[in-house]
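Enquirer: Quick one: sequence and predicted model below, then my questions.
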Amino acid sequence: MRDLMILTVLICLFFTFMLGNRPLSVPDEGRYVEISREMTATGNYLTPRLNSVKYFEKPVFFYWLEAFSINLFGLNEFTLRLWPALFALFGCLAVAVAGARLFGRLTGLLGATVLATSLLYYGLSRAIILDMPVSILLTLALLSFLMGTHEAPGLKRRLYLWVFYAFAALSVLTKGLIGIFIPGLVIGAWILLLGEWRMLKTLYIPSGLALFLLIAAPWHIMVGRANPEFFQFYFIHEHFQRYLTKVHGRYKPFWYFMPIVLLGLFPWSAFLVQAIKHNLPSTWRERHEHRDALFLILWAGLVFLFFSSSSSKLAPYILPVFPPLALLVGRYLAAAWDSRDFPGLRTGYLILLVASLLLAAAFLGLPYYWPIPAQAQILGVYGYSIALTLAIGGAAAWGLARYRNLSWAVVAAAVTSVLFLLQINAVAPRVDVKSVKQLAIELKARLKPGDEVASYHEYYQDLPVYLEQRITVVDWGGELNFGNSVEDTKAWMIDGDTFWQRWQGPATMYVLIRIEEYETLKQLKPSLPLFPIAQDRRNIVLSNREVKP
């Protein structure tokens, strides 16, 4: 309990530090917050809507959590990002508890440390997207199952497995059928590998399925009854066609996730091969003695293969492999904790040193290879401080591993990663330049009842969030095409001719438009009333009449 309290405080401080230091990123954060904001504004928590258009790409659980935060705290970046940070914290604590239970206290502590200080895990702990919540719900489900199998049939085992079914159901409510497919895939392969089919009799499947359906089914049934088009789009288009075809335009080669995992697990990916080798049984007969480690290896390996085989790939999709990999690395480091020469460990620190120096060189060399030199200068002094942190930290970890106790080298690697990640977080607002928050704030101060706000040839995902109202979208469909096709949205999803007719009408209108398109419009339509109100580096706000501040 003392370990958990200390971990909770330290990791919570780490994940929430500067959590609200940047505007909502687009498109993802703006999209998911807007859906949740519209739920609170309309009171309709059944049918997700984006800019008042039906949006069935994802289930509803995470929207409900964000809507709860909005109702409680209002719209601010810190509290909006609190749920992903809390899920990330729960993931680390689950790894700590399961690691301690299955492999020993030190494995739990090191596994949680590895997970918390991994680059991709930390980055997604600060992003309002679904990958962190669904990854942790899957983690809680699978670890509950694994720990439950250590209990004799009876009440305690039943409770563990009911928790497994409940978290699997919440995973389905967060990101769809992977919430049941991934646990089924991992558990089925594990039972097959061990040849323990008798275990199926002690998994409380009837009561577990009843609990699963009680949690996962009601929303799917109710939203389907309220929206007849839901099932075809949600199940066929968003699950099977997304996975099997290139319909979403996110095709990447099979090996795409390999560098994502290696970079995302940095700095601990330097020990990944050694950790897997350490946890594998030496012979086929020994597999039962390594059943827990095999479960983790199957979890990471099968999920990696599953997403690698998909025709739709994005970097965050691979996050579910990180908790089992963290436990495997944690167990390997725990075995070497008091050693002066553990197999493969010093090689790992040498790899870490080389990787750290290469990353440091990459940050220093940005002005020389970045396509747009002006963008490379955005990092400023942070580029040098990040490079220095990586170089010194990598050298310190390698030196301690080479000449001192290996446990201090682990501490050095963890501290270096914390400092590196905090600096990356501090520089993030400089790099993310797509938000229109400042323009939305200036525009919102001018708006009066009856004024109309439009976006031209683009949908700015965070604009309706910061304006706290629906906007008119001109000549753009994108991910809203399906919703536009099943109900009448012609009042605010309009074409260019309709927009320009309104623009010359009696009502006050504002439009957010890219600066280059504004320059083109001035030449093509010189007679149009185009009055600039505010602008940033990419966009400009225009009005159809002169409006005093």
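Expert: Alright, I've got the coordinates. This structure is a prediction, so every number in the text was calculated from the model and none was measured.
Enquirer: what does the helix or strand containing L512 rub up against?
Expert: Assigned by DSSP states H and E, L512 belongs to strand 509-514. With contact meaning Cβ atoms under 8 Å, 6 or more residues apart in numbering, strand 509-514 is reached by 436, 439, 443, 446-447, 451-458, 460, 463, 474, 499, 502-503, 521, 533, 538-544. Using the backbone N, CA and C atoms, a C-beta is placed for each residue, glycine as well.
Enquirer: Kindly report the same for stretch 450-458.
Expert: 443, 447, 463, 467, 469, 471-476, 499, 502, 507-514, 517.
Enquirer: May I see the buried residues of that stretch?
Expert: Neighbour-count burial for stretch 450-458 flags 452-456, 458 (criterion: 16 or more other Cβ atoms under 10 Å).
Enquirer: Distance check, V134 against D497.
Expert: 42 Å (Cβ to Cβ, to the nearest Å).
Enquirer: er, N21 I mean
Expert: According to Cβ to Cβ, N21 stands 42 Å off from D497.
Enquirer: Between those two, which is the more surrounded one?
Expert: Between N21 and D497, counted using other Cβ atoms under 10 Å, N21 has the larger neighbour count: 14 against 10.
Enquirer: Excluding chain neighbours, what is closest to that one?
Expert: P429 (6.0 Å; Cβ to Cβ, 6 or more residues apart in numbering).
Enquirer: List phi and psi for that neighbour.
Expert: Main-chain dihedrals, P429, degrees, to the nearest 10: phi -60, psi -30.
Enquirer: Return the distance of it relative to K437.
Expert: P429 is 11 Å from K437, where distance means Cβ to Cβ.
Enquirer: Now do the shared contacts for the two.
Expert: Residues touching both P429 and K437 (Cβ under 8 Å, 6+ apart): P23.
Enquirer: These two: who's more crowded?
Expert: K437 (18 against 14).
Enquirer: The more buried one touches V26, doesn't it?
Expert: No: with contact defined as Cβ atoms under 8 Å, K437 and V26 do not form a contacting pair (9.9 Å).
Enquirer: Name the residues contacting each of those two.
Expert: Shared contacts of K437 and V26 (Cβ under 8 Å, 6+ apart): D462.
Enquirer: Pull out the buried residues from the helix or strand hosting A300.
Expert: Element membership for A300, per DSSP H and E: helix 291-308. Neighbour counts over helix 291-308 (16+ other Cβ under 10 Å) mark 291-304, 306-308 as buried.
Enquirer: Any chance you could list what contacts it?
Expert: Contact with helix 291-308 is made by 102-103, 142, 146, 182, 185-186, 189-190, 193-194, 254-257, 261, 276, 279-281, 287, 313, 317-318, 320-321, 324-325, 327-328, 331, as judged by Cβ under 8 Å, 6+ apart.
Enquirer: Helix or strand with the lowest mean pLDDT in the chain?
Expert: Sorting the helices and strands of the chain by mean pLDDT, DSSP states H and E puts helix 373-376 at the bottom, at a mean of 63.
Enquirer: Pull the residues that contact the helix or strand just after that helix.
Expert: Sequence order places helix 381-403 as the next helix or strand after helix 373-376, per DSSP H and E. With contacts defined as Cβ under 8 Å, 6+ apart, helix 381-403 is touched by 267, 345-346, 349-350, 352-353, 355-357, 359-361, 363-364, 366, 379, 406, 408-410, 412-413, 415-417, 419-420, 423-424, 426-427, 430.
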